[in-house]
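Participant: Take a look and give me a structure for this.
(one chain, ligands or ions: 1)
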Amino acid sequence: MKEGWEAIIGMEIHAQLATETKIFCQCAANFGDEPNANTCPVCLGLPGALPVLNENVINLGAKAALALGLNVNETSIFARKNYFYPDLPKGYQISQYDQPFSSNGELVIMTAERDESGRASEFKPMTIRIERMHLEEDAGKNVHEGLPEVDKYSYIDLNRAGTPLGEIVTAPDFRSSWQAYDYVNHVRRVLQWVGASDADMEKGNLRCEANVSVRKIGEDKFRNKVELKNLNSVRFMQKAIEYEIERQIQAHENGETVSQETRLWDEKNNRTRVMRSKEDAHDYRYFPEPDLQPLKVTAEFIERVKAEMPELPDVMRDRFIADYKISYNDASQLVSDKDLAAFYERAATASNNPRVSANFILSELLRELNNAGKSAADSPVSAENLAELIKTLDAGKINNNQAKEVLTAMFADGKSAAEVIAEKGFEQISDAGAIEKIIDEIIETNQNQVAAYRGGNEKLFGFFVGQTMKASGGKANPKMVNEILKVKLNS
Ligand SMILES: [Zn+2]
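Facilitator: As a prediction, this is how the structure comes out:
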């Protein structure tokens, strides 16, 4: 960023809560089914149909709120947000306004700036104020078909109308695109972790918007902000914010006006472009939804949800670092996925070697999983089998390269470590008596070299090691070979 300027960024995330049915009716919350298959008088907005709140929305909403450090409010009020759009048959959206489901959150994320090649500097903690997460229904979806310039036909699919959303709004606390990037990834992972949302941006069940403005360092007023929408991935979002920061600084420096408007990320041309200019604050004429009671949440309910919550990823990461003495980077990677973290913990405990377990999982196993398009949950090598392999390695029965080869074979045909080691004939000879016997024979048949070595030609030591390894078919434990040879040749 140009010196003397700072960026002010606030984030809004819409996360679809992972309920089976919609928020105010019993239609399946499956988007992608046959268009308009999952509809009823309530989500079609037919006159006289009444909404009934889905209890699981409260349950998953509370999980999401607590995992993001928000306070769940004892009373919240549903409100009508009035506007007209073809995908909104009622002419209003049931949302929440001045009394949201949860508010006043503080969330600690880990964030780092990245250089040109995408390499991260040191990750540091940063506290983000989350103003609120309110509950609302989603609208339907317009589908346009025809020429790209002129839509020939427009269809409306109301399967999505009435699916439950949590809208998560932060204070304008971010000062860089990478902070926003790390925040969205944090939220995604936490929502998936507690089971509140699938949080899959590709499927559209997590959508984010960024409000971006810039100002001179030292200014306390905000300048006009731009809203960035339709960001299809976290990476595109980061690029769009970065572009927008530079564009606005340039405009201000040139004495141009930065208009308050909504912009999109144009992936092909790597720039943002105007979607619509913003009329002054929309007047949605919010008013309390007369068809729904105020939502009351008891302290007992919150306690129950808290008791059911799994250990959160950041807490688990710090515990891994403390208990298993692994690095921050390794621990962060292991908790990037809940199943992977559980897999690691089982392997670390069973092998009694948490560090080597982390190495094998993060380098060898993850590579195999990625190649096979599998996740830790359906790994053909169980955590217990991996632990067995690590124990064999620790006992010095096989070396590191052999262990990697064994893991690849275990992955391919689901055999145990012992089976693969036997098949490959990798078992090392670590029986001192057997190694001594081989060495005695080598000394016996190479008397000239023995005399030369004892006469001062120490380079010949390697010759004896080589001969012994050869005679053992490469199976003798090299460390023991060295030790026994030293004793025998120097006596
Ligand atoms: Zn319905």
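Participant: so how many other residues sit close to the residue in the stretch 301-450 of the chain that the ion sits nearest to?
Facilitator: Ranked by C-beta to the ion, the top residue of the stretch 301-450 of the chain for proximity to the ion is Phe301, at 25.7 Å. Every C-beta, even on glycine, is put in place using the N, C-alpha and C of the backbone. When neighbours are defined as other C-beta atoms under 10 Å, Phe301 has 14 of them.
Participant: if I've got this straight, His144 is in a strand?
Facilitator: Yes: His144: assigned to a strand according to DSSP: H, G, I helix; E, B strand; the rest coil.
Participant: hang on, it packs against Ser154?
Facilitator: Yes: the criterion here is C-beta atoms under 8 Å, and His144 meets it with Ser154 at 5.1 Å.
Participant: residues of the helix ranked longest in the chain that come out buried?
Facilitator: In the chain, assigned by DSSP state H, the helix with the most residues is helix 234-253. Neighbour counts using 16 or more other C-beta atoms under 10 Å place 234, 236-245, 247-249, 252 of helix 234-253 among the buried residues.
Participant: Closest one to Gly433 out of the residues you listed, please.
Facilitator: Val234 (60.8 Å; C-beta to C-beta).
Participant: Check the spacing between that closest one and Ile429 real quick.
Facilitator: 53 Å (C-beta to C-beta, to the nearest Å).
Participant: before we move on, what about Thr262?
Facilitator: In terms of C-beta to C-beta, Thr262 sits 72 Å off from Ile429.
Participant: if we can go back for a sec, continuing past the longest helix of the chain, what's the next helix or strand?
Facilitator: strand 261-266 (DSSP states H and E).
Participant: Neighbouring strands - and their directions - for that following strand?
Facilitator: Taking DSSP bridges as the criterion, strand 261-266 sits next to strand 226-231 (parallel), strand 271-277 (antiparallel) in its sheet.
Participant: Would you mind pulling the contact partners of it?
Facilitator: Strand 261-266 has contacts (C-beta atoms under 8 Å, 6 or more residues apart in numbering) with 226-232, 236-237, 239-240, 243-244, 272-278.
Participant: And the buried ones among these, selectable in PyMOL?
Facilitator: The following PyMOL line selects those of the contacts of strand 261-266 that are buried, judged by 16+ other C-beta under 10 Å:
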select buried, resi 226+227+228+229+231+236+237+239+240+243+244+272
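Participant: what distance separates stretch 210-221 from the centre of its chain?
Facilitator: 30 Å (C-alpha atoms, centre = their mean, to the nearest Å).
Participant: what about it, how long is it end to end?
Facilitator: Its first and final residues considered, stretch 210-221 spans 19 Å by C-alpha to C-alpha, to the nearest Å.
Participant: Which strands and helices lie in contact with the top strand by length along the chain?
Facilitator: Counting residues, the longest strand found in the chain (DSSP state E) is strand 124-137. With contacts taken as 3 or more C-beta pairs under 8 Å, 6 or more residues apart in numbering; DSSP states H and E, strand 124-137 sits against helix 55-67, strand 92-96, strand 102-111, strand 164-170.
Participant: residue in the stretch 101-250 of the chain nearest to the ion?
Facilitator: Counting by C-beta to the ion, the stretch 101-250 of the chain gets nearest the ion through Gly162, at 5.6 Å.
Participant: List the contacts of that residue.
Facilitator: Applying C-beta under 8 Å, 6+ apart, the residues near Gly162 are 22-25, 27, 29, 42-43, 137-138.
Participant: please redo it, this time with the cut-off set to 10 Å
Facilitator: Gly162 sits next to 21-25, 27, 29, 38-40, 42-45, 51, 54, 90, 93-94, 137-140 when contact means C-beta atoms under 10 Å, 6 or more residues apart in numbering.
Participant: try Thr170
Facilitator: 9-13, 68, 105, 107, 128-132, 180, 183, 187, 210-211.
Participant: let's see it at 6 Å
Facilitator: 10-11, 128, 130 (C-beta atoms under 6 Å, 6 or more residues apart in numbering).
Participant: neighbour-wise, which of those residues leads?
Facilitator: In the contacts of Thr170, the most neighbours by other C-beta under 10 Å go to Met11, 26 neighbours.
Participant: Point out where this structure drops to low pLDDT.
Facilitator: 147-151, 278-281 (pLDDT under 70).
Participant: Near the ion, which residues of it are found?
Facilitator: 25, 27, 40, 42-43 (C-beta under 5 Å from the ion).
Participant: would you turn those into TSV with secondary structure and neighbour count?
Facilitator: Converted to TSV, the residues of the chain next to the ion look like this (DSSP: H, G, I helix; E, B strand; the rest coil; neighbours: other C-beta atoms under 10 Å):
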residue	secondary structure	neighbour count
Cys25	coil	22
Cys27	coil	20
Cys40	coil	15
Val42	coil	21
Cys43	coil	28
